[in-house]
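Enquirer: Need coordinates for the below:
(chains A and B)
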Protein chains: 2
Amino acid sequence: MKTYAQMNAQELEAEYQSVQLKYNAFKARGLSLDMSRGKPSSAQLDLSMDMLDTISSDRKLRTSAGMDARGYGQLDGIPETRQLFAEILGVDPDWILIGGNSSLNMMFDCISWAESLGVMGSTPWAKLDKVKFLCPVPGYDRHFAICELFGIEMVNIPMNSDGPDMDLVEQYVSQNESVKGIWCVPMYSNPTGITYSDEVVRRFAALKPAAKDFRIYWDNAYCVHHVTDTPDRLLNIFEECRKQGSEDLVYEFSSTSKISFSGAGIALMAASERNMADLKAKRSIQTIGPNKINQLMHTRYFRSSQGILDHMEKHRALIKPKFEAVFQALDRELAPLGIAEYTHPNGGYFISFNTLPGCAKRVGELCGEAGVVLTAVGATYPYGKDPEDRNIRIAPTFPPVEELELALELFCLSVRMASCEKFLSA
Amino acid sequence: MKTYAQMNAQELEAEYQSVQLKYNAFKARGLSLDMSRGKPSSAQLDLSMDMLDTISSDRKLRTSAGMDARGYGQLDGIPETRQLFAEILGVDPDWILIGGNSSLNMMFDCISWAESLGVMGSTPWAKLDKVKFLCPVPGYDRHFAICELFGIEMVNIPMNSDGPDMDLVEQYVSQNESVKGIWCVPMYSNPTGITYSDEVVRRFAALKPAAKDFRIYWDNAYCVHHVTDTPDRLLNIFEECRKQGSEDLVYEFSSTSKISFSGAGIALMAASERNMADLKAKRSIQTIGPNKINQLMHTRYFRSSQGILDHMEKHRALIKPKFEAVFQALDRELAPLGIAEYTHPNGGYFISFNTLPGCAKRVGELCGEAGVVLTAVGATYPYGKDPEDRNIRIAPTFPPVEELELALELFCLSVRMASCEKFLSA
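Expert: Coordinates of the predicted model:
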């Protein structure tokens, strides 16, 4: 089989005609399929339904410390829930702050507070002329949206197969006082699915920022979200920081949004005592405390970190066939044609797909016109601007396998059409 | 019976000796009683336990619109919950935004966003030299704490029996561009328990602020929280605003913290379309959506605004005897002595108590030393500074009636001791 690059104009034209026929037939079916967001499927949400039975009118709602979980208070979360996530993240329970249902909300608040109140007594960012964040790309659009809202200038950092380009990160962070943060999804990164290497984690822990209020926003959303039998392993950044005496560098975030219920889970963050003191000084004015009934429900159900790991195996059984369906389609339909690059992650929620340069937007258009919604093309880059117009985030978890296969069929046709168009117009 | 003012030195000395004996006997009992916060009692929390049974593994968790309540999304809350609170507050459901479990958190966020992002495009407050808030006093300490955290200068406004001194409010608001807000608990005010008169509400709606980003922070926490058989009635401020074309003036807040579970209720705010568009532009970046399972649980249980009103009657049955116990003790022990002024609210969670000038801190000390914790004396004023050292917030709902009566016995002894000391040292 020839790649597109090897085809002459006539062969390409024939290919285009053939693909277009199939595409039009597909379009005529009037489908409506969604591969846009990293959402657990309905079957995944069903896995946690028994959790709801741990809380009922005939059960006492007391925490392990004897506190009434229905009432006010316990700003940082109930002891057993903090213990549970301390085990998962490998930190002291005192380093854990439990939030509401959204870790994004906790990230947003950290930045919002830095803007209006500063970090550990630093000048509030809103008073500064310029604040910059480093953004490994491709990355998570909701991270970028927070920066954009606050007018924080985003600097693209290339993402390699072992993590962000650390030479560049070190250079920016050490030399530029206006660089106040970097967004990281260190395990099964959104969207590339790669996990930061030990070397990269160590270099993060060893950063010597010019700005005292620089923090690494370590969004460990997929810390237990394995898909294959050969899971990745991420170094505990706080252990590396301890060796460097740099524990204050990191805000770590996580949640059960993709463990229990995506809209009604438990969000949390982990940080050093000094960071916690600073954050709680703000949090204690913001609220009297989080929803402890939901914490109790989660902790009664999962019992231990092992309980969470066991539960994740059930998710894996549902997700794995979907990832495999994607790889099969891409390997079969696109790889031989030399018009696609894509990642093969061992976990997380996404596959990062690169078209030939200049084709991604067109693929998004073609998919959309035929009833398949993708993550907005460009969204994986700050300001929605993919400089090469190549990256597409494939989110396979939500649709049932049959729908996913159908969506992929169209996706592959769209990539072939867009690639033909590129070669033919060259 | 003579008042203290009518007693001569000898009579006062005798009174002091007698009261001190009783106080010391009380102290020797080593009690530990808490009248510090406006917390529902355990029996009140028990009232809502059946709510937990509306959500279980054998029930579908679909909203009225067919959405899966377990998943992401529905930033402003599920339709049936918005409808429920729209009825309670008398606004259009589109004006309702459902939050997490804490209305304080929503107030904090409004101010935090104003600080870092501005209000409807205004200059972020963090960039201004001075921002002021008007604070009717005595008032709610957690409101004041938000202002203090953000460095917002608080201006005391005297609270009358029909609401804040509106002459002063109008003067500040219309003439001073740095005045960006006023804190109001318009119904069963914290702590005085008074409800704003129709005239006061109309004057609020008719305010002509110098600052375009001035908002009335209308914390309607006690909108259905009646205690007596003769409930107060509050005008719907948005209806009055409509007459004035001033709907954008108001952010209204409420919650079920004192309806269902104080730590696991539903918080919400109401505001005009234009304000909502501005708030949601920020909220949509902060989170993918609130906990909808909790919303579904609340709405399935209460069903309608009438369901909430019926439920509040059960609270009233538990709270009314506690308020009456306070009035009985104060009427019997203190009123005849001319050393106390206090409010007689028809609802809410507090009784506002004034000692003779200069005695409140001493009363707090005496109570504390004998094992009764009061709300920190001074807390009802900005910066904790009660200029006359008079005001004490009595929070009778949390302790059982017998404990409350015991605590009041000590409280009355402490007021008598402190008042004697004042007269004797004069």
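
Enquirer: Might one say that residue A:333 is in contact with residue A:405?
Expert: No: the pair residue A:333 and residue A:405 fails to qualify as a contact (C-beta atoms under 8 Å) at a distance of 11.3 Å. Where you see a C-beta, it was placed from the backbone N, CA and C, and this is true even at glycine.

Enquirer: So for the two, which residue has more residues nearby?
Expert: residue A:333 (18 against 15; other C-beta atoms under 10 Å in any protein chain shown).

Enquirer: Name the nearest residue to the more buried one, ignoring sequence neighbours.
Expert: Spatially, and ignoring its direct neighbours in sequence, residue A:333 is nearest to residue A:412 (3.8 Å; C-beta to C-beta, 6 or more residues apart in numbering or on different chains).

Enquirer: Show the contacting residues for that neighbour.
Expert: Applying C-beta atoms under 8 Å, 6 or more residues apart in numbering or on different chains to residue A:412 gives the contacts A:329, A:330, A:333, A:334.

Enquirer: Okay, and the second one sits in which element?
Expert: Same thing as residue A:330. Using DSSP states H and E, residue A:330 falls within helix A:305-333.

Enquirer: Who are the packing partners of whatever helix or strand comes next after that helix?
Expert: For helix A:305-333, the succeeding helix or strand toward the C-terminus, using DSSP H and E, is strand A:341-342. Packing partners of strand A:341-342 (3 or more C-beta pairs under 8 Å, 6 or more residues apart in numbering or on different chains; DSSP states H and E): strand A:351-354.

Enquirer: avg pLDDT for the strand it packs on?
Expert: What strand A:351-354 shows for mean pLDDT is 97.

Enquirer: so how far is it off the chain centroid?
Expert: 14 Å (C-alpha atoms, centre = their mean, to the nearest Å).

Enquirer: Name the strands paired with it and say parallel or antiparallel.
Expert: strand A:341-342 (antiparallel), strand A:391-394 (antiparallel) (DSSP bridges).

Enquirer: Following element in sequence after it, please.
Expert: helix A:360-369.

Enquirer: The following helix or strand past that following helix - contacts with which helices or strands?
Expert: Downstream of helix A:360-369, the first helix or strand assigned by DSSP H and E is strand A:372-374. If contacts are counted by 3+ C-beta pairs under 8 Å, 6+ apart, strand A:372-374 sits against strand A:33-35, helix A:360-369, strand A:391-394, helix A:401-424.

Enquirer: Would you mind pulling the contact partners of the first one?
Expert: It stands for strand A:33-35. By C-beta under 8 Å, 6+ apart, the residues outside strand A:33-35 that reach it are A:371-375, A:394-396, A:398-399, A:403-404, A:406-407, A:410-411.

Enquirer: Check the separation of the first and last residues in stretch A:259-266.
Expert: Stretch A:259-266 stretches 9 Å from its first residue to its last (C-alpha to C-alpha, to the nearest Å).

Enquirer: do it and chain B meet?
Expert: Yes: residues of stretch A:259-266 are located near chain B by C-beta under 8 Å from any C-beta of the partner chain, namely A:261, A:262, A:263, A:264.

Enquirer: which SS class is the residue of the stretch 301-426 of chain A found nearest chain B?
Expert: Using C-beta to the nearest C-beta, the closest approach of the stretch 301-426 of chain A to chain B is made by residue A:398 at 9.2 Å. Following DSSP: H, G, I helix; E, B strand; the rest coil, residue A:398 is assigned to coil.

Enquirer: what's it in contact with, if anything?
Expert: A:34, A:35, A:37, A:38, A:39, A:40, A:41.

Enquirer: same deal with residue A:385?
Expert: residue A:378.

Enquirer: For residue A:343, see how far away it is.
Expert: 21 Å (C-beta to C-beta, to the nearest Å).

Enquirer: go on, residue A:97?
Expert: Counting by C-beta to C-beta, the gap from residue A:97 to residue A:343 is 32 Å.

Enquirer: Please apply the same query to residue A:261.
Expert: For residue A:261 relative to residue A:343 (C-beta to C-beta), the value is 28 Å.

Enquirer: How about residue A:178?
Expert: 32 Å.

Enquirer: How about residue A:23?
Expert: Residue A:23 is 25 Å from residue A:343, by C-beta to C-beta.

Enquirer: just residue A:121 next, same as before
Expert: 41 Å.

Enquirer: These two: which has the busier surroundings?
Expert: residue A:343 (17 against 9).

Enquirer: Contact partners for the more buried one?
Expert: Per C-beta under 8 Å, 6+ apart, neighbours of residue A:343: A:192, A:193, A:194, A:351, A:352.

Enquirer: pLDDT score for it?
Expert: Reported pLDDT for residue A:343: 96.

Enquirer: what's the answer for residue A:36, then?
Expert: On the pLDDT scale, residue A:36 is placed at 85.

Enquirer: Am I right that it is in contact with residue A:395?
Expert: Yes: using C-beta under 8 Å, residue A:36 is in contact with residue A:395, at 6.5 Å.

Enquirer: where do the contact lists of those two overlap?
Expert: residue A:375.

Enquirer: Which one's more surrounded, those two?
Expert: Shown here are residue A:36 and residue A:395; by other C-beta under 10 Å, residue A:395 has more neighbours (22 against 15).

Enquirer: residues near residue A:317, how many?
Expert: By other C-beta under 10 Å, 11 other residues sit near residue A:317.

Enquirer: show me what contacts it?
Expert: With C-beta under 8 Å, 6+ apart as the criterion, no residue contacts residue A:317.

Enquirer: Now do it, the pLDDT please.
Expert: At residue A:317, pLDDT is 98.

Enquirer: Could you pull out the buried residues of stretch A:392-401?
Expert: Buried residues in stretch A:392-401, counted by 16 or more other C-beta atoms under 10 Å in any protein chain shown: A:392, A:393, A:394, A:395, A:396, A:397, A:398, A:399.

Enquirer: can you give me the end-to-end distance of it?
Expert: 20 Å.

Enquirer: Kindly report the same for stretch A:216-224.
Expert: Stretch A:216-224 has an end-to-end distance of 20 Å (C-alpha to C-alpha).

Enquirer: Likewise for stretch A:243-263?
Expert: Stretch A:243-263: ends 37 Å apart by C-alpha to C-alpha.

Enquirer: starting at the chain centroid, how far to it?
Expert: So, by C-alpha atoms, centre = their mean, the centroid of stretch A:243-263 is 12 Å from its chain's centroid.

Enquirer: Out of the contacts of residue A:343, give me the two with the largest separation.
Expert: Spanning the widest gap among those are A:194 and A:351, at 11.3 Å by C-beta to C-beta.

Enquirer: Is stretch A:100-117 in proximity to chain B?
Expert: Yes: Stretch A:100-117 reaches chain B (C-beta under 8 Å from any C-beta) through A:100, A:101, A:102, A:104, A:105, A:108, A:109, A:112, A:113, A:115, A:116, A:117.

Enquirer: Give me the number of neighbouring residues for residue A:162.
Expert: Other residues close to residue A:162 by other C-beta under 10 Å number 15.

Enquirer: now it: how far from chain B?
Expert: 30 Å (C-beta to the nearest C-beta, to the nearest Å).

Enquirer: list the contacts for that residue?
Expert: A:194, A:196, A:197, A:199, A:200.
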